[in-house]
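Asks: Would you be able to build a 3D model of this:
(one chain, ligands or ions: 2)
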Amino acid sequence: MTEQPSSDPSVRARPVAGGPPVVGVVGGGQLARMLAPAAARLAVPLRPLVRDHDESVARVHPDVVIGAADARGLRALAAACDVLTVEHELVDLDTLRALEAEGLPVRPSADTLEIAVDKVRQREVLAAAGVPVAPWRLVASLEEAEPFADAHGWPLVAKAPRGGYDGRGVWFVDDAGQLAEVLAEVAGPVLLEPALPIERELAVLVARRPAGEQVVYPPVETVQVDGICHEVLLPGHLTDAQDRRAREIGALVADTVDSVGILAVELFVVDGDVVLNELAARPHNAGHVTIEASITSQFENHLRAVLDLPLGDPAPRVGSAAMVNVLGVDDLDPRTRLADALGHPGASVHLYDKGPRPGRKLGHVTATGEGLTAAREHARRAADALAGGPRRSEQEATT
Ligand SMILES: Nc1ncnc2c1ncn2[C@@H]1O[C@H](COP(=O)(O)OP(=O)(O)OP(=O)(O)O)[C@@H](O)[C@H]1O
Ligand SMILES: [Mg+2]
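Replies: Numbers count the residues shown, from 1 in each chain. Ligands and ions are numbered 1, 2, ... in the order given. Model prediction:
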């Protein structure tokens, strides 16, 4: 176990001569946890940076560095790995840049992460590269918002440029009064968009190596409820043209931000056209379905890419697949309901061993098969069992 930050951060622990490079991962949540089996299969040494031994990955993977994603923690991780990657973007970028300058491969790079962490930068950089982006404006006051509201009408969608996840940091605002509340809460400029008439939400994952070689996963459809991803469907309900366009945009975004590892590009279908929502430079909830459904999972391809190894085939190995998130509804550990869930033998259950809390992503279930409707039903039943019963409202999108 590598627990102590090195007293001399410039001394980097090297694996035994000829040994395989150690992949350091910033973050200890379920994404790091799901990297571990892929790493184990390839005998790639994985060393996550976690706050404590209770974090999801630390419960299955003893070889961790303890620390925060700050200068001290990152330096401790850097001293104990040969290539550094991330499972979340809230990382001290100045330290990452310093580590890059000192010769540590940081994949994705600090430049890529700087774009991924900021919804405004994403739009600026990607629109300039020709990626279709919905109208937007950064506003710091009601006066600045007025022309945008006049042009697009209420309601509008306001977003915190940084730090949002699972719909936190995204607000539908009906009028100037509500926008004023959001501006006060964010205490800084917010990104405004029209409330788009979204027909479908998609995600396309791209695995990319340092020299630019990339593979693009088939686009999946993501079903969000209240800003949280509930389900992922493969294939999505897309036209051939939308499918092609989503892949094209994914590839263009990956090249533009020069990603290394998995890049997830979230997209909307609006008026039949595919437009950017946001991106994440790491494995993504929309890609969990690839564990069972694809020849190479997003987690394995992330490792291959950050180690600059040949990428695996992203093609599906099944006709269709559905993934349903297990979201906490109460304080009961979903393991107490495991027997009920496993009573659905076609469903693959993944639990993250995280403390139960209403709304928290505690696990997911995937089912595969020839028909999407049946796969979705199987996955839902097992996920519902884990969550303690059907939890979807009547209004939930049923695509
Ligand atoms: N302009 C918009 N119009 C309508 N709905 C929107 C708009 N922008 C975002 N949404 C809805 O809010 C959800 C969350 O938005 P976004 O992806 O920006 O937030 P996030 O919290 O950063 O996401 P994540 O959960 O992926 O981290 C979207 O998936 C979509 O359902
Ligand atoms: Mg999102």
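Asks: what about the residue nearest to Leu351 when sequence neighbours are not counted, which SS state?
Replies: Nearest in space to Leu351, with sequence neighbours left out and distances taken as Cβ to Cβ, 6 or more residues apart in numbering, is Gly363 at 3.9 Å. Heads up, the C-betas are built off the backbone N, CA and C, glycines and all. Judged by DSSP: H, G, I helix; E, B strand; the rest coil, the three-state class of Gly363 is strand.
Asks: and what of the one 5 residues further on?
Replies: For Thr368, the assignment made with three-state DSSP gives strand.
Asks: Quick check: it touching Ala379?
Replies: No. Using Cβ atoms under 8 Å, Thr368 makes no contact with Ala379, being 9.1 Å away.
Asks: Now do the strands in the stretch 101-250 of the chain.
Replies: Counting by DSSP state E, counting those that start in this stretch, the stretch 101-250 of the chain has these strands, from start to end: 137-139, 156-159, 170-173, 190-194, 198-208, 214-216, 220-225, 228-234.
Asks: Say whether ligand 1 is contacted by the first one.
Replies: No. Residues of strand 137-139 are not located near ligand 1 by Cβ under 6 Å from any ligand atom, the shortest gap being 12.0 Å.
Asks: and that strand, which strands flank it?
Replies: Pairing partners of strand 137-139, with direction, according to DSSP bridges: strand 190-194 (antiparallel).
Asks: Mind checking the pLDDT average for stretch 20-37?
Replies: The average pLDDT within stretch 20-37 is 97.
Asks: ok, now which ones touch the spatially most central residue of the chain?
Replies: With distances taken as Cα atoms, centre = their mean, His284 lies nearest the centre of the chain, 2.8 Å away. His284 is in contact with Ala203, Leu205, Ile262, Ala264, Gln298, counting by Cβ atoms under 8 Å, 6 or more residues apart in numbering.
Asks: quick one: pLDDT of it?
Replies: At His284, pLDDT is 98.
Asks: distance of Ala151 from Arg123?
Replies: In this view, Ala151 and Arg123 are 17 Å apart by Cβ to Cβ, to the nearest Å.
Asks: Of the two, give the one with the bigger neighbour count.
Replies: Arg123 (23 against 10; other Cβ atoms under 10 Å).
Asks: ok, back up a step: more neighbours: which of Thr368 and Ala379?
Replies: The residue with more neighbours, out of Thr368 and Ala379, is Ala379; 29 against 24, by other Cβ under 10 Å.
Asks: number of nearby residues for Asn301?
Replies: 31.
Asks: Helix, strand, or coil at it?
Replies: helix.
Asks: Report the contact partners of the spatially closest residue to it that is not a sequence neighbour.
Replies: Using Cβ to Cβ, 6+ apart and skipping the chain neighbours, the partner closest in space to Asn301 is Ala207 (3.8 Å). For Ala207, the contact set (Cβ under 8 Å, 6+ apart) comprises 214-215, 217, 261-263, 298, 301-302, 304-305, 311-312, 314.
Asks: now Pro45
Replies: So Pro45 contacts Pro15, Gly19, Pro20, Pro21, Val22, Val23, Ala39, Asp63 (Cβ under 8 Å, 6+ apart).
Asks: related to what we said a few turns ago, for the residue nearest to Asn301, which residues make a bridge with it?
Replies: Going by DSSP bridges, Ala207 forms beta bridges with Val215, Ile262.
Asks: could you measure Asn285 against ligand 1, distance?
Replies: 7 Å (Cβ to the nearest ligand atom, to the nearest Å).
Asks: ugh, wrong one, I meant His152
Replies: From His152 to ligand 1 the distance is 10 Å (Cβ to the nearest ligand atom).
Asks: What count of nearby residues applies to that residue?
Replies: Neighbours of His152 (other Cβ under 10 Å): 18.
Asks: Can I get the contacts of Pro45 in TSV including neighbour count?
Replies: Listed next are those as TSV, based on neighbours: other Cβ atoms under 10 Å:
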residue	neighbour count
Pro15	13
Gly19	10
Pro20	13
Pro21	16
Val22	20
Val23	22
Ala39	21
Asp63	15
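Asks: Mind checking which of these land in helices?
Replies: Ala39 (DSSP state H).
Asks: okay if I get the contacts of Pro45 as TSV plus distance to Arg107?
Replies: Formatted as TSV, the contacts of Pro45 follow (distance: Cβ to Cβ, whole Å):
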residue	distance to Arg107
Pro15	18
Gly19	19
Pro20	16
Pro21	11
Val22	13
Val23	9
Ala39	15
Asp63	20
